[in-house]
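Chemist: below is the structure, and that's it, no one-letter string:
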Ligand SMILES: [Zn+2]
């Protein structure tokens, strides 16, 4: 379950930002998560609650925006948008096919990252 360590990292980033602005409370955290990270938003929200207990981010609302994954074909150089099948959730396998030439010789160029986009603080 990598949601917990991920939630903890988000908390650390939000906390550092809040401290920089002398905030006493974090009320909202906006996140962008690539679909191919396999992060489950519901689990992440629960992990975030646990990770922030007793901190200045306790009770902060976690807003999550899922960004679609993108692959680039090594054969035809075109970019395709991909979504994860239920199967890849189960197996962890991520093999994507080019939408243009059906090649499986592709690389992931977007969707594997997650970042804190914004936080809302109270002074
Ligand atoms: Zn292709």
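Modeler: Arrived safely, thanks for sending. Predicted, not measured: the structure shown is a model, and the values here were computed from it.

Chemist: mind listing residues that contact whichever helix in the chain runs longest?
Modeler: In the chain, assigned by DSSP state H, the helix with the most residues is helix 3-20. Defining contact as Cβ atoms under 8 Å, 6 or more residues apart in numbering, one finds that helix 3-20 is touched by 25-26, 29, 31, 39-40, 43-44, 46-48, 50-52, 55-57, 60, 62, 114, 116, 119, 121. All C-beta atoms are positioned from the backbone trio N, CA, C, and that covers glycine.

Chemist: give me the buried positions along the host helix or strand of residue 28.
Modeler: Residue 28 belongs to strand 25-34 when elements are defined using DSSP states H and E. Using 16 or more other Cβ atoms under 10 Å as the test for burial, strand 25-34 gives 26, 29, 30, 31, 33, 34.

Chemist: check which helices and strands the very next helix or strand once past it is in contact with.
Modeler: As assigned by DSSP H and E, the chain's next helix or strand after strand 25-34 is helix 41-52. Helices and strands touching helix 41-52, by 3 or more Cβ pairs under 8 Å, 6 or more residues apart in numbering; DSSP states H and E, are helix 3-20, strand 25-34, strand 61-67.

Chemist: what strands line up against the helix or strand that comes right after the last one, and which way round?
Modeler: The helix or strand immediately downstream of strand 61-67 is strand 69-73, counting by DSSP H and E. Partners of strand 69-73 in the sheet, by DSSP bridges, are strand 79-82 (antiparallel), strand 106-110 (antiparallel).

Chemist: could you save these as a markdown table and add columns showing distance to residue 14 and mean pLDDT?
Modeler: Output for these, formatted as a markdown table (distance: least, Cβ to Cβ, whole Å; pLDDT from 0 to 100):
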| stretch | distance to residue 14 | mean pLDDT |
| --- | --- | --- |
| strand 79-82 | 29 | 93 |
| strand 106-110 | 24 | 92 |
